[in-house]
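J.: got a predicted structure plus its sequence, pasted below:
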Amino acid sequence: MGNIVPNPARIGKAHLVVILSQPMSRSLLMILVLVLIALGVLAWLLYEKRIPPPEVQPPVEIPPAEPVEHPADRNFNPGWIGSACSHDGDCSYPRGFCLMPEEGFPRGHCSARCEKFCPDRRGDFYSATFCIDDPAYADSGICVARCNLHLTPSGCRPGYICTSLQRRKESMVQLVCLPKMGTPKPPTQCTRQLDRLGLAYTRPDLADAPTRAARPGEPPPRQDICQIDTPVLLNSPIHSVDYRQKGRRHADHLLLACRMVLGIERLSALLSEIGVVEVEYNGAYVCRGVAGTRSLSGHGHALAIDITGFERAREAPVSVQTDWSGANPKRREFLHDLAARIRKAKIFDVILTPQSGGLHLDHLHLEIK
Ligand SMILES: [Zn+2]
């Protein structure tokens, strides 16, 4: 036998006894048995789940992010004029730039410079655009989005309010989205008076119109332009008189300085007495200068209104343009008599009628200084 390895198939009982009788083989067998026992115990413990699972690192606490994004923003002019942005690169169309949150535009607002018109983009998530006077710069226009009730319930992105504004260098008015400053305002002596009179109104914070540093090639900002002292969105009717913007079918809110609202309240009481149920106006707050001068119009401070016509309960409507010097004596008399009553009541500081000439042939301009 000697060195010859035995064929396992031919190992008999006698051979096994010989192998096990060797001391080296016995300790190997003992180790094998111990390992088997240890494996068995381990398997049993695992089965019984007595071994705790390996320790898992607790998740790292991430502080909640600043609310820089609003879900509704994604469905409003994405990447286009009026969309959310955090830098100019987000407004990736010709001459696009971002009006920043710190400039008063919640979650940013893509815009572009304009003279009179702004481009439109077609698509389900796009509202038309509009060119308005830049509230922060003299002699500049900016593109904004028009309100669109198909896109959001308010017609604007959250944080923006639907406001009627005139197109830059033109009298056409549209409803556009502008920042709504959310901070509630403490009551003023004037708003307390509105409350006492029972007027329905809200207070947008347009007086805090965004002011910002000049961009390259722009003139320095003018802080004084088109500021409104205590802006108020006045709801119709007032003493049963509705105020409807010319060209629109229904009355909606009027943006005015608070003390002008007091004038409108007195005017409405007077109009109600003579059977007027609706006033048609063409511009109240309009950021522009007095034609042919460099001074700002009373409209620029929301202290004036241009009234173009009256609906009456039991009589024919009256138009300033047709009836002031028109053929119908009753309607002509109504207008002249009304102008005299308004003067006598000393409600307004400036009253311009077609008699005042040129630019006032189709309206009564009523203004408080
Ligand atoms: Zn006017």
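T.: Okay, I see it.

J.: all contacts plus neighbour counts: C-alpha atoms, from now on.
T.: Fine.

J.: what residues does Arg113 make contact with?
T.: Applying CA atoms under 8 Å, 6 or more residues apart in numbering to Arg113 gives the contacts Arg95, Gly96, Ser140, Gly141, Ile142, Cys143.

J.: ChimeraX command to pick out the buried ones of these?
T.: In ChimeraX syntax, the buried subset of the contacts of Arg113 is picked out as below (16 or more other CA atoms under 10 Å):
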select :96,140,141,142,143
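
J.: lowest-confidence one in the contacts of Arg113?
T.: Minimum pLDDT for the contacts of Arg113 is recorded at Ser140 (81).

J.: where does this protein have low pLDDT?
T.: Flagging of the chain using pLDDT under 70 yields the residue ranges 1-24, 45-68, 136-138, 181-185, 205-226, 287-294.

J.: longest strand in it, please.
T.: As assigned by DSSP state E, the longest strand anywhere in the chain is strand 304-312.

J.: how about residues contacting that one?
T.: Contacts with strand 304-312, where a contact means CA under 8 Å, 6+ apart, come from 246, 260, 275-285, 298-299, 317-321, 362-368.

J.: among those residues, which are in helices?
T.: Among these, the members found in helices (DSSP state H) are Met260, Val320, Gln321.

J.: of these, buried ones?
T.: By neighbour count, with 16+ other CA under 10 Å, the ones in helices among the contacts of strand 304-312 hold Met260, Val320, Gln321 as buried.

J.: what are the ranges of the strands in the stretch 1-150 of the chain?
T.: 96-99, 109-114, 129-133, 141-145 (DSSP state E, counting those that start in this stretch).

J.: what's the angle between the longest one and strand 141-145?
T.: Right, strand 109-114. 140 degrees (axes from the mean of the first three to the mean of the last three CA atoms, to 10 degrees).

J.: quickly run through the sheet partners of strand 109-114, with directions.
T.: According to DSSP bridges, strand 109-114 forms sheet pairs with strand 96-99 (antiparallel), strand 141-145 (antiparallel).

J.: hang on, Trp80 packs against Gly89?
T.: No: between Trp80 and Gly89 there is no contact under CA atoms under 8 Å: 11.4 Å.

J.: about what we covered before: ok, and of the contacts of strand 304-312, which contact the ion?
T.: The residues of the contacts of strand 304-312 that also fall near the ion, by CA under 5 Å from the ion, are His365.

J.: from the contacts of strand 304-312, which land in strands?
T.: Using DSSP E, the contacts of strand 304-312 in strands are Val276, Val277, Glu278, Val279, Glu280, Tyr281, Val318, Ser319, Leu364, His365, Leu366, Glu367.

J.: quick one: the fourth one and the ion, what's the gap?
T.: When you say that, I think you mean Val279. Applying CA to the ion, to the nearest Å, the value for Val279 to the ion is 15 Å.

J.: do the same with Leu296
T.: When distance is defined by CA to the ion, Leu296 is 11 Å away from the ion.

J.: and the residue of the stretch 151-300 of the chain nearest the ion?
T.: His299 (6.5 Å; CA to the ion).

J.: burial check on that residue, number of neighbours?
T.: 26 (other CA atoms under 10 Å).

J.: would you agree it is in contact with Asn282?
T.: No: counting by CA under 8 Å, His299 stays clear of Asn282, with 11.1 Å between them.

J.: on that earlier part again, export the strands of the stretch 1-150 of the chain to a markdown table and tack on distance to the ion?
T.: Output for those, formatted as a markdown table (distance: least, CA to the ion, whole Å):
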| stretch | distance to the ion |
| --- | --- |
| strand 96-99 | 31 |
| strand 109-114 | 25 |
| strand 129-133 | 17 |
| strand 141-145 | 21 |
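
J.: what would those strands look like in TSV with distance to Gly155?
T.: Putting the strands of the stretch 1-150 of the chain into TSV (distance: least, CA to CA, whole Å) gives the following:
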stretch	distance to Gly155
strand 96-99	20
strand 109-114	15
strand 129-133	13
strand 141-145	10
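
J.: which residue is it, in the stretch 201-350 of the chain, that comes closest to the ion?
T.: Closest residue of the stretch 201-350 of the chain to the ion, CA to the ion: Asp306 (4.7 Å).
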